[in-house]
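# The sequence and its predicted three-dimensional model are supplied below.
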Amino acid sequence: MGTIRMRKLMLFFAFLTITGSVAAITLDEDYMQSMEDRQKSLSANIGIQNAKGANEDAKAMMEMFADVSDYYVQKGNAQDAVDWSNKSRELGSVIIKYLAVKDFDNATVSATTMAKTCKDCHRLYKKDK
Ligand code: HEC
């Protein structure tokens, strides 16, 4: 029994390691919609000075941008999309730093820059809209 459970665990971690290096997302409307929801939640939480909530949103967005970056790295030939994703992820960590010292003004500025970066990528990569 014990060894089987151990093996299952090892398989699970092997699986995590493999998927960790591969873009596990499909960048589609659903994915982007959850990104939009997070972004709205982030600016709302900064607005009402809810540092804890905003912190969670910023963290979630950093994870999403890491996936979006992986997605475009894999796709290839999309360096600017990779750069915008990485820039957004960095802005996430900047926002978290401001939240830690309750500097909501600067957190707002960084969140606004992040929103501009969404649009930069859309201008080039989001077709038909
Ligand atoms: C690196 C590129 C990139 C970044 C950065 C990016 N997006 Fe997108 N976004 C896309 C692409 C590509 C699509 C089109 C996806 C599709 O329709 O399959 C899209 C589509 C969307 C849509 C439309 C979904 C629909 O229902 O049609 C929304 C909303 C959206 N993005 C929100 C955001 C928000 C909010 C951010 C920033 C927090 C963001 N995106 C950042 C590439 C990006």
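Perfect, I can see it now. Numbering: from 1, shown residues only.
# Could I get the buried residue list for the helix or strand hosting residue 59?
Using DSSP states H and E, residue 59 sits in helix 51-75. By 16 or more other CB atoms under 10 Å, the buried positions in helix 51-75 come out as 51, 53-55, 57-58, 60-62, 64-72. Every C-beta, even on glycine, is put in place using the N, C-alpha and C of the backbone.
# Ok, stretch 107-116 next?
107, 110-111, 114.
# contacts for that stretch?
39, 42-43, 46-47, 54, 61, 88, 91-92, 94-95, 98-99 (CB atoms under 8 Å, 6 or more residues apart in numbering).
# can we see that at 7 Å?
39, 42-43, 46, 54, 88, 91, 94-95, 98-99 (CB atoms under 7 Å, 6 or more residues apart in numbering).
# tell me the mean pLDDT for it?
Averaging pLDDT along stretch 107-116 gives 98.
# Give me the distance from it to the chain's centre.
Distance, stretch centre to chain centre, for stretch 107-116: 14 Å (CA atoms, centre = their mean, to the nearest Å).
# Equivalent analysis for stretch 56-67, please.
On the basis of CA atoms, centre = their mean, stretch 56-67 sits 3 Å off its chain's mean C-alpha point.
# now stretch 110-129
14 Å.
# same deal with stretch 63-75?
Counting by CA atoms, centre = their mean, stretch 63-75 comes out at 9 Å from the chain centroid.
# Torsion angles phi and psi at residue 48?
phi -90, psi 10 (degrees, to the nearest 10).
# tell me which element residue 111 is part of?
Going by DSSP H and E, residue 111 is part of helix 104-125.
# Output that helix as PDB, nothing but the C-alphas.
Extracted C-alpha coordinates of helix 104-125, given in PDB (Å, rounded to 0.1, in the frame of the first residue of the first chain):
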ATOM      1  CA  PHE A 104      -2.200  52.900  -2.900                       C
ATOM      2  CA  ASP A 105      -1.500  55.900  -5.100                       C
ATOM      3  CA  ASN A 106       1.600  54.300  -6.600                       C
ATOM      4  CA  ALA A 107      -0.200  50.900  -6.800                       C
ATOM      5  CA  THR A 108      -2.900  52.700  -8.900                       C
ATOM      6  CA  VAL A 109      -0.300  54.100 -11.200                       C
ATOM      7  CA  SER A 110       1.300  50.700 -11.800                       C
ATOM      8  CA  ALA A 111      -2.100  49.100 -12.300                       C
ATOM      9  CA  THR A 112      -2.900  51.700 -14.900                       C
ATOM     10  CA  THR A 113       0.400  51.000 -16.700                       C
ATOM     11  CA  MET A 114      -0.500  47.300 -16.600                       C
ATOM     12  CA  ALA A 115      -3.900  48.000 -18.200                       C
ATOM     13  CA  LYS A 116      -2.100  50.000 -20.900                       C
ATOM     14  CA  THR A 117       0.100  46.900 -21.600                       C
ATOM     15  CA  CYS A 118      -3.000  44.800 -22.100                       C
ATOM     16  CA  LYS A 119      -4.000  47.200 -24.800                       C
ATOM     17  CA  ASP A 120      -0.600  47.200 -26.400                       C
ATOM     18  CA  CYS A 121      -0.700  43.400 -26.800                       C
ATOM     19  CA  HIS A 122      -4.300  43.500 -28.100                       C
ATOM     20  CA  ARG A 123      -3.500  46.100 -30.700                       C
ATOM     21  CA  LEU A 124      -1.200  43.600 -32.400                       C
ATOM     22  CA  TYR A 125      -2.300  40.100 -31.300                       C
END
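# Good, wrapping up.
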